[in-house]
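> I would like the atomic coordinates for the input below:
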Amino acid sequence: MEQREASGGSGGLPEIPLIDAVAGGPLTLLRSEPERLAALLAAARRRYGRLVLSLGDRASRQWIARSRNPYAHELAAVAAHIGLPGALLLNLSYEWACTSGVAADPEGTGSRMLRTLDWPMEEIGRNAIIVRQDGGAGPYYTVSWPGYIGVLTAMAPGRFSIAINQPPMRRISGACWLDWVMNRTGVWRGLGLPPSHLARSICDTAGSYAEARRRLIETPLCIPAFFILAGAGGDEGCVVERSEARAAVHPQPAAIANHWLALSIPGHHRGADSHGRRERMGKLLHRTGVDSFDWVRPPILNPTTRLAAVANATTCELAVIGYEQSRPATQVFSLAEHAGRDSRRTTPAPALAGSA
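Coordinates of the predicted model:
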C-alpha cells in the first residue's frame, strides 16, 4: 500500500510532499500527484511543442529497446499511464545546468553536499516531490517529479548522497542548434547508461561510498556528466568528471558547475556564469547554517534556478526548496521534520536574497 506524508506549514507557498514508492513503484507518484503531473506536462508542451515531444518519444522508445535499458519496463509503464507525448523524452532530457559542491560537514559528522539545479522549463521547482525508494541496498530519498524515474539528487542514509551536473554540450559543427541535434542523435546511438539512470542504479544497489565511486568512474555512459558524491565518512567525497568512457576525479572539498575542470572537451556553455557559480559554491562549502538557504544568491541564483538542496548521509539530513523566477516557490522541506513525529510543519521559505 502506498504511503504519503506531507508536513504542514504556513506562509502561502506549497509544500514539497514526501511519497513512499517502495511498494508501488513509479506509478505511485503518478497516482498520488495528478495535478503536479498535469502542470509539468503543460509546461513541457509550452516549451517544446507537441510535435517535438512526439518525435522525441518515438526516437527515445527505439533507443530504450536497443540499449536494453534496465529501467525500460518502468519507462514503458509511465508512458502508458500518461498516454500523452513527452513521457519518454522528458525522462531522457538533459537540458539543465547546476552548481554543486561537497566537503566535510563543518557542523557535524560525515560529508555534506550542497547543490542547486537550473532548468529553463517552468514548474519544475513548484512541483518537486521527495520520493522514498529502495532498490535492494537500502532506502534512499530522491528529489524528483511525477513520472520521472531517474535520479538527479538523492540521499541514501548511511551510504552516500549523490547529484548530477551537466557539462558543456559537445561542440561538433560550431552551430549551437545543429550541435544540439547531433548530440541528441549521439545519445540515441550510444548504448551506455544515461547519467540519471546510472545514479538511480547506484542508489538502488551500491552498498557503500567506495562502490558508488568505482561505478561512477567505470560505467560506460551515453553522454558526458559531472557527478557529485558525498559519503558517510568525513573524508569521503569527490566530484567525478565523466565523458562516455573517461573519468577525472577531484577529492573533496570540491565544487563544480557546468564547465570542464580536467577533461577539457570543447563545448557550448550551459547556464550563466559557470565560473562565477563554481567560485561562489567553493566559498560556501565550509559554511554553517545552510539549511536556511540564504546562501542561494546570485550568481548561483538565477532566473532558471528550480531547486536547492542540502544532504548529509551520515546525519540523514535532506533539506530542499523549490524556486521559480528567482524566488522561493515552495516551503523548505526537511526530512528531519518527517522523522520527528512531533513536527509536521514546514520551515517558512526565506525572503528573496539580494546579490552576493
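> C-alpha coordinates for stretch 140-152, PDB please?
Only the C-alpha atoms of stretch 140-152 are listed here, as PDB (Å, rounded to 0.1, in the frame of the first residue of the first chain):
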ATOM      1  CA  TYR A 140      17.000   6.400  -0.200                       C
ATOM      2  CA  TYR A 141      15.300   9.700  -0.800                       C
ATOM      3  CA  THR A 142      15.400  11.400  -4.200                       C
ATOM      4  CA  VAL A 143      14.300  14.800  -5.300                       C
ATOM      5  CA  SER A 144      12.000  14.100  -8.200                       C
ATOM      6  CA  TRP A 145       8.800  14.700 -10.100                       C
ATOM      7  CA  PRO A 146       5.800  12.500 -11.000                       C
ATOM      8  CA  GLY A 147       6.700  10.300 -14.000                       C
ATOM      9  CA  TYR A 148      10.500  10.800 -13.700                       C
ATOM     10  CA  ILE A 149      12.300   7.500 -13.000                       C
ATOM     11  CA  GLY A 150      16.000   8.600 -12.900                       C
ATOM     12  CA  VAL A 151      17.900  10.200 -10.100                       C
ATOM     13  CA  LEU A 152      19.400  13.800 -10.200                       C
END
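> and the residue sitting nearest the centre point of the chain, what does it touch?
Of all residues in the chain, the one closest to the mean position by Cα atoms, centre = their mean is Leu152, 2.4 Å from it. Shown in contact with Leu152 (Cβ atoms under 8 Å, 6 or more residues apart in numbering): 117, 142-144, 163-164, 196, 199. For glycine as for every other residue, the C-beta is placed from the backbone atoms N, C-alpha and C.
> kindly recompute the last result at 7 Å.
117, 143, 163-164, 196 (Cβ atoms under 7 Å, 6 or more residues apart in numbering).
> tell me which of the residues you listed fall in strands.
The strands, defined by DSSP state E, take in 117, 143, 163-164 from those.
> neighbour-wise, which one of those leads?
Ala163 (29 neighbours; other Cβ atoms under 10 Å).
> you'd agree that one is up against Thr153?
Yes. Contact criterion Cβ atoms under 7 Å: Ala163 and Thr153 qualify, at 4.7 Å.
> any shared contact partners between those two?
Arg115.
> closest one of the contacts of Leu152 to Pro17?
Using Cβ to Cβ, Val143 is the member of the contacts of Leu152 that lies nearest Pro17, at 11.7 Å.
> residues touching the closest one, list them.
Residues in contact with Val143, defined by Cβ under 7 Å, 6+ apart, are 128, 130, 152-153, 307, 309, 320.
> any quick PyMOL command for the buried ones out of those residues?
The following PyMOL line selects those of these that are buried, judged by 16 or more other Cβ atoms under 10 Å:
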select buried, resi 128+130+152+153+307+309+320
